[in-house]
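Novice: Quick check, what structure comes out for this input:
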Amino acid sequence: MLRPPTVPTGSPASAMTPAAPAAVPSLERSFGLAHPKTVVPPCFLNDPAILAEWRSDYTRFAQRLYDHLWLGPMSAALDPAFLEANNITLLLGVAASGTLDGLRPELPAGVEFYPVPVSGPHDYVKFFPHTRQKIDENAARRRGATLVFCESGNDRSAAFAISYVMERSGLDVIQAIQFVQSKRFSVALDDTTVFQLRAYEPLYRARKTVSSCNPSFSISAPTTVFRKKCLRRTLDDIYDRTDQHETRPSIAPFEDRESTPAFDSVDGMQLCV
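Specialist: Below is the predicted model of the structure:
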């Protein structure tokens, strides 16, 4: 019986045989619930001109989204010449409260500063409706423009600008992101922020439906401290009620009751008493 020839170690045939992949330990660790990823096509698919027109130094300046709305970094909010030249009368700053305090003393005359203190993307949704009202009121009453800004102008403030674009133009999340990126190409949102915007889309559409049926419907300003109304009785409510105990004198049990004669028969039957 013929045996197949053995291939010696180190021959070209053995070198062509792929080696088994080494086991690599997994580095994935879950530190919480991950939000589903939303794939946003690049804005230059709809507007290729942005690739030719955008330059890296444009990130230091603000870009116009509408005639009454600008989006940019904090450096644009600190430029009085820029604010005056573009009739910006409202600065809407989105950041932690401590990082916006230094802006107040340098505001030029006629410019209002409205801070939006957020600790993370989970705070965005409750501020979206009120910031939209502030932008519309500034454009209607003061005939001025609004600058929405954060430290970089690419993440927190961009999320609020996208929420405004969604409501004003009736766009979905992806269309609004593409529109804002076509104006400010450096906008970059993480998955958590996009998830919050997606959660806000059905809310603003439902509010529009309610507003069309009830014109008097209004939105109250958000508050950072919420107090729950106690609907259950407390221990003080239970143990402080002494109205039933003070009307009866403190005597031995049953001594204040009238004596009742014992029955010695029921329907002719003799009972032991």
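Novice: okay, CA-based contacts and neighbour counts for the rest of this
Specialist: OK.
Novice: Distance of Asp191 relative to Val210?
Specialist: With the distance defined as Cα to Cα, to the nearest Å, Asp191 ends up 30 Å from Val210.
Novice: which one of those two has more residues nearby?
Specialist: A direct count of neighbours by other Cα atoms under 10 Å for Asp191 and Val210 places Asp191 higher, at 16 against 13.
Novice: Apart from its chain neighbours, what residue comes closest to Asn86?
Specialist: Distances taken as Cα to Cα, 6 or more residues apart in numbering put Ala145 closest to Asn86, at 7.4 Å, once the chain neighbours are dropped.
Novice: Does the helix or strand Val165 falls within pack against any helices or strands, and if so which?
Specialist: Here Val165, judged by DSSP states H and E, is contained in helix 156-169. Secondary-structure packing of helix 156-169 (3 or more Cα pairs under 8 Å, 6 or more residues apart in numbering; DSSP states H and E): strand 69-73, strand 88-95, helix 124-141, strand 145-150, helix 173-183, helix 191-213.
Novice: Which strands and helices lie in contact with the first one?
Specialist: Using 3+ Cα pairs under 8 Å, 6+ apart as the contact definition, the elements that strand 69-73 packs against are strand 63-66, strand 145-150, helix 156-169.
Novice: mind showing which ranges of this structure have poor pLDDT?
Specialist: Per-residue confidence for the chain (pLDDT under 70) gives these ranges: 1-39, 43-46, 97, 101-105, 212, 214-273.
Novice: quick one: Gly153 and Trp70 touch, right?
Specialist: No - Gly153 is beyond contact range of Trp70, at 10.3 Å (criterion: Cα atoms under 8 Å).
Novice: if you count what's nearby, which of the two comes out ahead?
Specialist: Neighbour count, other Cα under 10 Å: between Gly153 and Trp70, Gly153 has more, with 28 against 21.
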